[in-house]
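Chemist: Provided below are the primary sequence and the corresponding predicted coordinates.
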Amino acid sequence: MAIEMVILVPLYVVSVCLVYYAYIAAARRRLLMLSLTIAGFLMVQFVAYKLFGPDSCCYYYETTHPECQPYEFPLKGESYDQMLQTYEKHRRLHADIEMFRTFEKDWSNVYRWHDYMTHPRWRWPYRPRRQ
C-alpha cells in the first residue's frame, strides 16, 4: 500500500494541475491548449485506472474448509465467476462450508471506489487471512 501511495499522490497532483491548466485555457479562450490539457488529463486518469484499478489486484478468499482456497485475479484471466464456480463445487461436497474475503477496502485509492460500491465481491463477510 505504501508503494501505491508513492505513485498515486503524484498522479493526483498532476490531475489537479491539469484541471487548473484547463481552467486557465478556458478563461483565455485558447481552444488548442484546452483540448490538449483535457486529453492529457484523460490519459493520466486512464493509465492510473489501469495500474491501480480493481483489475490490478489479486483477491483471495478463505473458507471454513482449508482445502478450498478460491481466488480471483482479473489481470490474469481468473474471474469472479470462476472463483464462484470453485466455491460452488466445494459447497456441493461440504454443505456447511462458508466463504470469507481476506482483503480490505483501500479508500485512499479513488480508482476502486466504484468497484467497492457495485461489485458483489465486497458483499462477502471479511475475515483476516489465516497464517
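Modeler: Yep, it's here.

Chemist: Give the residue spans of this structure that score low on pLDDT.
Modeler: In the predicted model, the chain carries pLDDT under 70 at residues 1-5.

Chemist: Contacts for the top strand by length along the chain, please.
Modeler: Scanning the chain for the strand with the most residues, using DSSP state E, yields strand 59-63. For strand 59-63, the surrounding residues in contact (CB atoms under 8 Å, 6 or more residues apart in numbering) are 69-73, 83, 87, 90, 97-103, 121, 124, 127, 129-130. Quick note: C-beta positions are derived from backbone N, CA and C, even for glycine.

Chemist: cutoff 7 Å now
Modeler: For strand 59-63, the surrounding residues in contact (CB atoms under 7 Å, 6 or more residues apart in numbering) are 69-72, 83, 90, 97-103, 121, 124, 127, 129-130.

Chemist: now swap in stretch 7-20 and tell me
Modeler: Here stretch 7-20 makes contact (CB under 7 Å, 6+ apart) with 37, 40, 41, 44, 45, 48, 52, 109.

Chemist: Just the ones in helices from the contacts of strand 59-63, please.
Modeler: 83, 90 (DSSP state H).

Chemist: hang on, the earlier thing: how far does the longest strand of the chain sit from the chain's center?
Modeler: Centre-to-centre, strand 59-63 and its host chain are 16 Å apart (CA atoms, centre = their mean, to the nearest Å).

Chemist: for it, which positions count as buried?
Modeler: Neighbour-count burial for strand 59-63 flags 59, 61, 62, 63 (criterion: 16 or more other CB atoms under 10 Å).

Chemist: can you pull up the bridge partners for the second one?
Modeler: Here residue 61 shows beta-bridge partners residue 101, assigned using DSSP bridges.

Chemist: So which residue is smack in the middle of this protein?
Modeler: residue 54 (2.1 Å; CA atoms, centre = their mean).

Chemist: ok, and the closest non-adjacent residue to that residue?
Modeler: residue 115 (3.8 Å; CB to CB, 6 or more residues apart in numbering).

Chemist: Thank you, goodbye.
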